[in-house]
Structures are given as C-alpha cells and as structure tokens.
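Trainee: one predicted model, sequence on top.
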Amino acid sequence: QVQLVESGGGLVQAGGSLRLSCAASGRTFSVYTIGWFRQAPGKEREFVATIRLTGGRTYYADSVKGRFTISRDNANNTVYLQMNSLKSEDTAVYYCAAARYGAGASAASYDYWGQGTQVTVSS
C-alpha cells in the first residue's frame, strides 16, 4: 500500500501562486508515476499534470500548461505542484495519485489517491 497526503491548499487572489505538496509513504518503491487531478463542485475530476519518478518526464493538461509546474524530490518521496497565475476556474479540490506503471491523464490508471486539498481562487 501507498499513502498519499496533500498539503498547501488555501485561498489566494487571482494572479497569485500556491505550491501544493504530495507526500508519499509506505511501499513507495512500487510507484512509477505521480499525478495531480482536480475536481470542482458539480464537475467531473479532471487531469492536471503527471510526472514519472524515474527520469522526470512530465505531462500537463492544456488548461494549465505554462502556468503550473510539477516536480519531484525522490529523496523525500514528495511531489510538488507549483501553480502560478491562478484563475478563478482553477478553484477545486486537488488530489494527488500514484500509479505502479506508466500513467497519463486517465484517473483509472492510478492505484492510490490522497484525500485532497482545497484551492480557492478569488477574482
């Protein structure tokens, strides 16, 4: 089993920045990919970004490309999501997820999920 804990959410004004953290514990050696997803009220969960823990290859949703950056600290089993130029439409609960194999934008590809952290962007 792998446990994931997100942190760093909060309230920020439009144009501001936040950095989310995803700390992994447990059988972390089995994790190949970490992804970030988000879910706004009344909407489906959507893909944000993903990173491979070996090699560091990243992939972003078009809606966040150029504004968000995903990175990893393998020594501390932590993945970050730096969010800049935030917009009101970025308001959502943000979840990190871990996959034992290569995974992209499909939530079904991920095996473990955190509890989520709320991000609210005021306009």
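Mentor: Received it, and whenever you're ready, just let me know what you need.
Trainee: CA atoms for contacts and neighbours, from now on please.
Mentor: OK.
Trainee: for the helix or strand harbouring V119, packing partners?
Mentor: Secondary structure from DSSP states H and E places V119 in strand 117-122. Here strand 117-122 touches strand 10-13, strand 92-99, going by 3 or more C-alpha pairs under 8 Å, 6 or more residues apart in numbering; DSSP states H and E.
Trainee: now what about it, what contacts it?
Mentor: The contact list for strand 117-122 (C-alpha atoms under 8 Å, 6 or more residues apart in numbering) reads 6-14, 86-95.
Trainee: try it again at 7 Å.
Mentor: The contact list for strand 117-122 (C-alpha atoms under 7 Å, 6 or more residues apart in numbering) reads 6-7, 9-14, 86-88, 90-95.
Trainee: ditto for stretch 87-100
Mentor: Against stretch 87-100 from outside (C-alpha under 7 Å, 6+ apart): 6, 14-15, 22, 30-40, 109-123.
Trainee: now stretch 19-37
Mentor: Applying C-alpha under 7 Å, 6+ apart, the external contacts of stretch 19-37 come out as 1-9, 45-53, 77-83, 94-103.
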